[in-house]
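Peer 1: only the shape, not the letters, is given here:
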């Protein structure tokens, strides 16, 4: 469904990711692991079109999408919840949800809005509140609810558990599972490697901008070096 | 006397609001001050002179022509002075400021060539018509200016808060990357915002022409600087702040003139900036964080 070949991205003259090859099969959950500064967010932002790769190509649904803008990719069903959630803090919860469906012109937007409000009752309760007044966990719920409103085929989540209490983290992973079971392909970046590998089918490990390991999630969970570096054994 | 001055102040203030909204919309989305806005506004005023005095067509035609011409100027300003600088490595954040100053110099000189140097009168059939209530004289043209300005403000507020396109503009003003991830074509949004702001400048130009009965190629600078003062007063990029700031400045200037200190009229705006920057640097309606985005 998604295929990165030899992708390198630079900030000015500094190379952030080097010759990255990543493939995501339709219907799976794939996770990218790595320490701070390994290039995870750069990889996600490059796939979503926020950054343009200097070398390499990105194919999505069999089409070369290298260098397309985020709004063009969203229309093809590729959505990113960015690091830090990207909540519009000066707009209401309702406005945020409606902006999720900005590119849609179909008649089912209203029904989808009902559905996400039902799934996230806290958002319904606070629909008139400004996005910036929500707690971190609620903002993450809003970010995920908003991206569901865009009906993604491939959903990119950049550190959805960052800065959240353990109980809420468990909630987030439950929701990711639900999204996957509903038929959306998920590419997940996480620091929380154990949890991520538990929901994922396949994993990649990034180190200083390169893919240094990849494999089935179950195998990575058992792998000695991965355990030492990322799972805290 | 007091009520008369209040009406004068509100009329002037509502014009300032329309000028300031043009700055604030562009600042909100692009985080830059469009120094060419004052001169685009001046072109709008001259369109009014050309249409009503030279061509002797009705006032509403002047509004239409001014909106069209200033919208086109806004489009070219974005294409020539802003877009080439965006997203390029090594471009200073001051570059768009300088390039829009370039546009403003170009437009001022073009106006000298096209319309001549001196003051041009801006007369309409009802310029001198007024009615009196008790001791208070009200000119129809004042009511017209105030009504148009209020309609424009109300329309803009409604558009920003209720429509899909308006919400997309607010989303872009808060965070361009997030807006683009939500499906907003931010390149087009930026162009549309500059065009919208410029067209509002065109309307403001005609309103100023109506109010002062005089239009000249230098007027862009003085009104432009006051527009800037207002958005600093109200909070950069804040639409409500621009509205409040414009009305406050209009009333303050009018009362200063009415109660004797007419020489200080143009100083009011800049005294207000100094006070605001000391007491509340984010502006009356601004938030402390928005200042760090620039």
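Peer 2: Perfect, I can see it now. Note that the structure is predicted; figures quoted are calculated from it, not measured.
Peer 1: okay, now the residue nearest to residue A:190 when sequence neighbours are not counted: neighbour count?
Peer 2: Closest residue to residue A:190 apart from its sequence neighbours, by CB to CB, 6 or more residues apart in numbering or on different chains: residue A:196 at 3.7 Å. For glycine as for every other residue, the C-beta is placed from the backbone atoms N, C-alpha and C. Other residues near residue A:196 come to 27 when the count uses other CB atoms under 10 Å in any protein chain shown.
Peer 1: which parts of chain A are helices?
Peer 2: A:40-48, A:70-75, A:93-100, A:109-119, A:121-125, A:136-149, A:166-181, A:193-199, A:217-222, A:224-230 (DSSP state H).
Peer 1: TSV please, covering those and showing mean pLDDT.
Peer 2: Conversion of these to TSV gives the following (pLDDT from 0 to 100):
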stretch	mean pLDDT
helix A:40-48	96
helix A:70-75	97
helix A:93-100	96
helix A:109-119	95
helix A:121-125	95
helix A:136-149	96
helix A:166-181	94
helix A:193-199	91
helix A:217-222	91
helix A:224-230	80
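Peer 1: tell me how far residue B:282 lies from residue B:237.
Peer 2: Counting by CB to CB, to the nearest Å, the separation of residue B:282 from residue B:237 is 11 Å.
Peer 1: comparing those two, which residue is more hemmed in?
Peer 2: Remark: of residue B:282 and residue B:237, residue B:237 carries more neighbours, 27 against 19, as counted by other CB under 10 Å.
Peer 1: how much space between the residue lying closest to that one once chain neighbours are set aside and residue A:181?
Peer 2: Once flanking residues are discounted, residue B:237 sits nearest to residue B:28: 3.7 Å by CB to CB, 6+ apart. Relative to residue A:181, residue B:28 is positioned 41 Å away (CB to CB).
Peer 1: ok, those two, which is more surrounded?
Peer 2: Of the pair residue B:28 and residue A:181, residue B:28 is the one with more neighbours under other CB under 10 Å, namely 23 against 10.
Peer 1: I figured the residue nearest to residue B:237 hits residue B:173, correct?
Peer 2: Yes. Using CB atoms under 8 Å, residue B:28 is in contact with residue B:173, at 3.7 Å.
Peer 1: I'd like the helices of chain A as JSON lines, with distance to residue B:36 appended.
Peer 2: Output for those, formatted as JSON lines (distance: least, CB to CB, whole Å):
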{"stretch": "helix A:40-48", "distance to residue B:36": "33"}
{"stretch": "helix A:70-75", "distance to residue B:36": "28"}
{"stretch": "helix A:93-100", "distance to residue B:36": "30"}
{"stretch": "helix A:109-119", "distance to residue B:36": "39"}
{"stretch": "helix A:121-125", "distance to residue B:36": "42"}
{"stretch": "helix A:136-149", "distance to residue B:36": "36"}
{"stretch": "helix A:166-181", "distance to residue B:36": "47"}
{"stretch": "helix A:193-199", "distance to residue B:36": "50"}
{"stretch": "helix A:217-222", "distance to residue B:36": "56"}
{"stretch": "helix A:224-230", "distance to residue B:36": "53"}
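Peer 1: where do the contact lists of residue B:28 and residue B:173 overlap?
Peer 2: Common contacts of residue B:28 and residue B:173, defined by CB atoms under 8 Å, 6 or more residues apart in numbering or on different chains, comprise residue B:237.
Peer 1: which single residue of chain A ends up nearest chain B?
Peer 2: residue A:103 (3.4 Å; CB to the nearest CB).
Peer 1: which strand residues bridge the most centrally placed residue in chain A?
Peer 2: Nearest to the mean C-alpha position of chain A, by CA atoms, centre = their mean, lies residue A:157 at 1.3 Å. Note on residue A:157: beta-bridge partners by DSSP bridges are residue A:81, residue A:188.
Peer 1: how much space between it and residue A:48?
Peer 2: In terms of CB to CB, residue A:157 sits 11 Å off from residue A:48.
Peer 1: mind listing what the residue nearest to residue A:190 touches?
Peer 2: A:31, A:33, A:188, A:190, A:203.
Peer 1: can you tell me how far the last one is from residue A:190?
Peer 2: Per CB to CB, residue A:203 is found 10 Å from residue A:190.
Peer 1: what is in contact with the two at once?
Peer 2: Common neighbours of residue A:203 and residue A:190, counting by CB under 8 Å, 6+ apart, are A:31-33, A:196.
Peer 1: okay, the residue nearest to residue B:237: pLDDT?
Peer 2: Per-residue pLDDT puts residue B:28 at 89.
Peer 1: do residue B:5 as well
Peer 2: 89.
Peer 1: that one: neighbour count?
Peer 2: Counted with other CB under 10 Å, residue B:5 comes out at 16.
Peer 1: quick one: buried residues of the helix or strand encompassing it?
Peer 2: Taking DSSP states H and E as the definition, residue B:5 sits inside helix B:2-30. Across helix B:2-30, burial judged by 16 or more other CB atoms under 10 Å in any protein chain shown covers B:5, B:7-30.
Peer 1: what parts of the stretch 51-200 of chain B come near chain A?
Peer 2: Counting by CB under 8 Å from any CB of the partner chain, the stretch 51-200 of chain B comes close to chain A at B:89-90, B:164, B:167-168, B:170-171, B:174-175, B:177-178, B:180-187.
Peer 1: for chain B, which segments count as strands?
Peer 2: Remark: strands assigned in chain B by DSSP state E are B:130-133, B:136-139.
Peer 1: by contact count, what packs against the last one?
Peer 2: Using 3 or more CB pairs under 8 Å, 6 or more residues apart in numbering or on different chains; DSSP states H and E, the elements in contact with strand B:136-139 are helix B:2-30, strand B:130-133.
Peer 1: how many neighbouring residues does residue 161 have?
Peer 2: In the absence of a named chain, this looks at chain A. 23.
Peer 1: nope, chain B
Peer 2: Count around residue B:161 with other CB under 10 Å applied: 14.
Peer 1: and residue A:78, by the same measure?
Peer 2: By the measure other CB under 10 Å, the count of residues near residue A:78 is 27.
Peer 1: can you give me the neighbour number for the closest residue to it other than its chain neighbours?
Peer 2: Spatial nearest neighbour of residue A:78, excluding adjacent residues (CB to CB, 6+ apart): residue A:154 at 4.9 Å. Neighbourhood size, residue A:154 [other CB under 10 Å]: 23.
Peer 1: and residue A:154, how far is that from residue A:76?
Peer 2: Taken as CB to CB, the span from residue A:154 to residue A:76 is 9 Å.
Peer 1: return every residue with contacts to both of those two.
Peer 2: Common neighbours of residue A:154 and residue A:76 (criterion: CB under 8 Å, 6+ apart): residue A:60.
Peer 1: so which of the strands of chain B is the most packed in?
Peer 2: Neighbour counts (mean count of other CB atoms under 10 Å in any protein chain shown) averaged over each of these peak at strand B:136-139, with a mean of 15.
Peer 1: partners of it in the sheet?
Peer 2: Applying DSSP bridges, one finds strand B:136-139 paired with strand B:130-133 (antiparallel).
Peer 1: just to revisit the earlier point, please name every helix or strand in contact with the helix holding residue B:5.
Peer 2: Under the contact definition 3+ CB pairs under 8 Å, 6+ apart, helix B:2-30 sits against helix B:37-49, strand B:136-139, helix B:140-162, helix B:164-174, helix B:186-212, helix B:219-234, helix B:239-258.
Peer 1: take those and write them to a markdown table, including mean pLDDT.
Peer 2: As requested, the helices and strands packed on helix B:2-30 are exported to a markdown table (pLDDT from 0 to 100):
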| stretch | mean pLDDT |
| --- | --- |
| helix B:37-49 | 95 |
| strand B:136-139 | 86 |
| helix B:140-162 | 92 |
| helix B:164-174 | 94 |
| helix B:186-212 | 94 |
| helix B:219-234 | 89 |
| helix B:239-258 | 90 |
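Peer 1: closest to residue A:175 out of those?
Peer 2: Nearest to residue A:175 among the helices and strands packed on helix B:2-30 is helix B:164-174 (23.5 Å), distances taken as CB to CB.
Peer 1: what about the closest residue to residue A:109 other than its chain neighbours? Give its phi and psi, please.
Peer 2: In space, and not counting its chain neighbours, residue A:109 is closest to residue A:101: 4.6 Å by CB to CB, 6+ apart. Main-chain torsions, residue A:101, degrees, to the nearest 10: phi -100, psi 20.
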